[in-house]
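Trainee: how would this look folded up:
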Amino acid sequence: RKLFFPFVPVYYAVTWVRNKCYDFGFKKSVSFDFPVICVGNLSVGGTGKTPMIEYLIELLKEDYKLATLSRGYKRKSEGFQLANNKSSAESIGDEPFQFYSKYKNEIQVAVDTNRADGINLLKSTENAPEVILLDDAFQHRKVKAGFNILLTTYDNLYVNDFLLPAGDLRESKNGAKRADFIIVTKCPLELNEEERDELVSKIKPLNHQHVFFSSINYADVVKSSCENKNLADITDFTLVTGIANANPLVEYLRTRNLKFEHLNFQDHHNFTLKDVEQLCKNNLIITTEKDFMRLQKFEALKEKLFYLPIHVKIVNSERFNDLIKNFVNTKM
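Mentor: Take a look at the predicted model:
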């Protein structure tokens, strides 16, 4: 990708002008008088936005009427869509469908390419949410969220990265100034305080910014629509992934000394009947929860398809939770 460095100044200029237009008011940003929390990143994909949104759902759903709003990447529908029992990964996108499948009776799940329109339409529903979580909207400057959470991965900090197309950054590192929280995701579970301090020194947060660290915790069981299996009891399987970065999952399964073949597809891969024919040759398939949302519709895979649940563990979670709830309460 070093060959693309000559094009970086062009990409920088375009994104710089766009951001300055919003900073100086030439382009309009809409703010709201109720809690809107944005979860996003500076890089393209793979930082753990979906499990972070689910962490916030678990934190807030008991005390507030809650909604998530995503653009619905690669969905086949258009405009605003409010998830219901007829929704699918095709109609609203795999990540929103994952939220709906898990929390359908507890929160609202919506998609809209235009987040400002989506927020207004959510607020006009009969059971209007009190808090809205914006999924992957850090660059969506049409909405000025009340609280911005920026994610960056432990093994690829945004401060060490380059702009597209030579690197993975969607915009300049200066964009991080808009964040209230910066969360280093996918950290090793054994990350000590000295290592955390070193990472903070690299990030150089502003005075108003808080830096947190999170890790992925994998479940001990795999789940399907029919049953659960203990991971320790599985001797041989095929791992199927269509996510931006499957390396942490692959490494985890290897540490468990499990025997598996890995079939790695593109992020948000649209599985075809031809793909399924190939997958049917395997006796047992384990995938991610996001990929499960796209694969579960195929009846031929029903008896052999399982996913491995994950959840986020945050260092100093009490402080994190208190700051989030304090923001919500002050905006109510």
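Trainee: now do the strands in the stretch 151-300 of the chain.
Mentor: 181-185, 210-218, 221-223, 228-230, 236-241, 259-264, 285-287 (DSSP state E, counting those that start in this stretch).
Trainee: could you export these as CSV, including mean pLDDT?
Mentor: Listed next are those as CSV, based on pLDDT from 0 to 100:
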stretch, mean pLDDT
strand 181-185, 98
strand 210-218, 97
strand 221-223, 96
strand 228-230, 94
strand 236-241, 96
strand 259-264, 95
strand 285-287, 97
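Trainee: Phe97 reaches Asn84, doesn't it?
Mentor: No - judged on C-beta atoms under 8 Å, Phe97 makes no contact with Asn84 at a distance of 11.4 Å. C-beta here means a position set from N, CA and C on the backbone, and glycine is covered the same way.
Trainee: out of everything not next to it in sequence, what's closest to Glu106?
Mentor: Spatial nearest neighbour of Glu106, chain neighbours left out: Lys61 (5.1 Å); criterion: C-beta to C-beta, 6 or more residues apart in numbering.
Trainee: ugh, typo on my part, it should be Val315
Mentor: Nearest to Val315 is Phe213, by C-beta to C-beta, 6+ apart, at 4.5 Å.
Trainee: ok, that neighbour to Leu189 distance?
Mentor: 11 Å (C-beta to C-beta, to the nearest Å).
Trainee: if you count surrounding residues, which of the two has more?
Mentor: A count of neighbours by other C-beta atoms under 10 Å puts Phe213 above the other of Phe213 and Leu189, at 22 against 8.
Trainee: residues touching the residue nearest to Glu106, list them.
Mentor: 103, 106-107 (C-beta atoms under 8 Å, 6 or more residues apart in numbering).
Trainee: need those in a markdown table (columns: pLDDT, distance to Ile92 and secondary structure).
Mentor: What follows is the contacts of Lys61, written out as a markdown table (pLDDT from 0 to 100; distance: C-beta to C-beta, whole Å; DSSP: H, G, I helix; E, B strand; the rest coil):
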| residue | pLDDT | distance to Ile92 | secondary structure |
| --- | --- | --- | --- |
| Tyr103 | 97 | 14 | helix |
| Glu106 | 97 | 17 | coil |
| Ile107 | 98 | 14 | coil |
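Trainee: ranking those residues by neighbours, who comes first?
Mentor: Neighbour tally across the contacts of Lys61 (other C-beta under 10 Å): the maximum, 21 neighbours, falls on Ile107.
Trainee: what sits closest to it if chain neighbours are left out?
Mentor: Ile107 sits nearest to Leu66 (C-beta to C-beta, 6+ apart), 4.4 Å away.
Trainee: for that neighbour, which residues are in contact?
Mentor: Residues in contact with Leu66 (C-beta under 8 Å, 6+ apart) are 57, 60, 106-108, 129-133.
Trainee: quick one, phi/psi of it?
Mentor: Backbone torsions of Leu66, given as degrees, to the nearest 10, read phi -120, psi 150.
Trainee: beta partners for it?
Mentor: Val131 (DSSP bridges).
Trainee: from Asp136, how far out is Phe212?
Mentor: Distance of Phe212 to Asp136, given as C-beta to C-beta: 19 Å.
Trainee: hmm, back to that, hmm, which of the contacts of Leu66 are the buried ones?
Mentor: Buried by 16 or more other C-beta atoms under 10 Å: 57, 60, 107-108, 129-133, out of those.
Trainee: closest one of those to Val240?
Mentor: For the buried ones among the contacts of Leu66, the minimum distance to Val240 (C-beta to C-beta) is 25.8 Å, reached by Ile57.
Trainee: if we can go back for a sec, more neighbours: Phe97 and Asn84, which one.
Mentor: Neighbour totals were compared for Phe97 and Asn84, and Phe97 leads with 25 against 12 (other C-beta under 10 Å).
Trainee: residues contacting the helix or strand where Tyr22 lies, please?
Mentor: Per DSSP states H and E, Tyr22 falls inside helix 8-23. Helix 8-23 is touched from outside by 26-27, 29, 141, 162-167, 170-172, 175, with contacts defined as C-beta under 8 Å, 6+ apart.
Trainee: if we can go back for a sec, dump the strands of the stretch 151-300 of the chain into CSV; add distance to Thr153 as well.
Mentor: As requested, those are exported to CSV (distance: least, C-beta to C-beta, whole Å):
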stretch, distance to Thr153
strand 181-185, 5
strand 210-218, 10
strand 221-223, 24
strand 228-230, 29
strand 236-241, 16
strand 259-264, 18
strand 285-287, 21
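Trainee: deepest in the core, which of the ones you listed is it.
Mentor: Stretch with highest mean neighbour count among the strands of the stretch 151-300 of the chain: strand 285-287 (a mean of 26; mean count of other C-beta atoms under 10 Å).
Trainee: give the pairing partners of the helix or strand that comes right after the helix holding Tyr22; include direction for each.
Mentor: For helix 8-23, the following helix or strand on the C-terminal side (DSSP H and E) is strand 36-41. Strands adjacent to strand 36-41 in the sheet, as given by DSSP bridges, are strand 131-135 (parallel), strand 147-153 (parallel).
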